[in-house]
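In: I'd like to go over a predicted model; first the sequence, then the structure.
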Number of protein chains: 2
Amino acid sequence: MSQLDEQAFSHIARYFQALAEPMRLKILNGLRDGEKNVTELVEISGGTQANVSKHLALLRDAKLIERDSRGTKAYYSISDQRIYELCNLVCGQIANQMSLDAAANEAFISALKIN
Amino acid sequence: MSQLDEQAFSHIARYFQALAEPMRLKILNGLRDGEKNVTELVEISGGTQANVSKHLALLRDAKLIERDSRGTKAYYSISDQRIYELCNLVCGQIANQMSLDAAANEAFISALKIN
DNA sequence: TTTCTATATAACTATATAGTAATGTAACAT
DNA sequence: ATGTTACATTACTATATAGTTATATAGAAA
């Protein structure tokens, strides 16, 4: 396995890692319909301000979101809408795996559709 | 945010978590062209037997792979080929983000295309 | 049986990171 | 200048997990 391959796998892994946290998925879901400032994201996510700020910094590091500072507020937005394609693919696979009764399954699938 | 949403985000996060490790991506990549036994995966991945076994158990828990025991060997295979769609989506986004010179960029993109 | 091979697991260490509490900082308002 | 609001950061704790070493188990072969 070449050095480049090693690097490539690490890159991909880091990208998935950024998506591997419920709070971060909530934040990304909150940004689905456009930019929001930190206070709004705190309300939506139900997290604390400090924790949301930390997750936002991490998501920004991973280049999943962008920051726009306006006045005393900081507006965050999704860098690449294809993130939601990823999530929906995963949702499809998870829904596939689940063996719930029909009603529960339908509810779960629609809950999984985060975009 | 409903209880179901919380559960949904956790499910999705756990799925991404399984993909968020270079060694596991190597293993999945090794399974791209069909089932392989543990010894083969150890060789391909360059990991130790114990470590590869642990990652295989985790991937199996996440229902990304399946195990078929034949004689003294254990053959693993991908449960859902759509995993590679996920990886390619990520690869596309990472390649997009990278600002390398043309040659390096091309090499990296092709290295990223793990299927 | 004994032995060998293939795989799994347990115990351990080291590292990463999620969450919290407290503090820092920058822009705006008064 | 002072206060206030919005956000970021630091220091800390707790937990999860990657990797290693050593051991367990199970099937095949002798």
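Out: In hand now; what should we look at?

In: how about the strands in chain A?
Out: Listed in chain order, the strands of chain A (DSSP state E) span A:36-37, A:65-70, A:73-78.

In: in its sheet, which strands sit next to the first one, and in what direction?
Out: Strand pairing for strand A:36-37, determined by DSSP bridges: strand A:73-78 (antiparallel).

In: care to break chain A down by domain?
Out: Annotated domains of chain A cover A:1-80, A:81-115 [automatic domain parsing].

In: on that earlier part again, nearest to DNA strand C, of the strands of chain A?
Out: Nearest of the strands of chain A to DNA strand C, taken as C-beta to the nearest atom of the strand: strand A:65-70 at 7.3 Å. Every C-beta, even on glycine, is put in place using the N, C-alpha and C of the backbone.

In: distance-wise, check the residue most central in space within chain A relative to residue A:84.
Out: Centroid-nearest residue in chain A: residue A:25, 3.4 Å away (criterion: C-alpha atoms, centre = their mean). From residue A:25 across to residue A:84, the span is 11 Å (C-beta to C-beta, to the nearest Å).

In: what's the answer for residue A:58, then?
Out: To residue A:84, residue A:58 is 19 Å away according to C-beta to C-beta.

In: could you do residue A:9 as well?
Out: Distance from residue A:9 to residue A:84, counting by C-beta to C-beta: 24 Å.

In: so where is chain A shaky, pLDDT-wise?
Out: Of all residues in chain A, those with pLDDT under 70 make up the ranges A:1, A:4, A:99-105, A:107-109, A:111-115.

In: swap in 80 and give it another go.
Out: Applying pLDDT under 80 to chain A flags the ranges A:1-4, A:95, A:98-115.

In: residue B:79 is nearest to which of the domains of chain A?
Out: Closest approach to residue B:79 among the domains of chain A is made by domain A:81-115 (8.2 Å; C-beta to C-beta).

In: correct me, but residue A:30 touches residue A:41?
Out: Yes: taking contacts as C-beta atoms under 8 Å, residue A:30 lies within contact range of residue A:41: 5.5 Å.

In: any chance of the domains of chain A in CSV, plus distance to DNA strand D?
Out: CSV is the format used below for these (distance: least, C-beta to the nearest atom of the strand, whole Å):
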stretch, distance to DNA strand D
domain A:1-80, 3
domain A:81-115, 17
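
In: dump those domains to TSV, plus distance to residue B:76.
Out: Listed next are those as TSV, based on distance: least, C-beta to C-beta, whole Å:
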stretch	distance to residue B:76
domain A:1-80	18
domain A:81-115	17
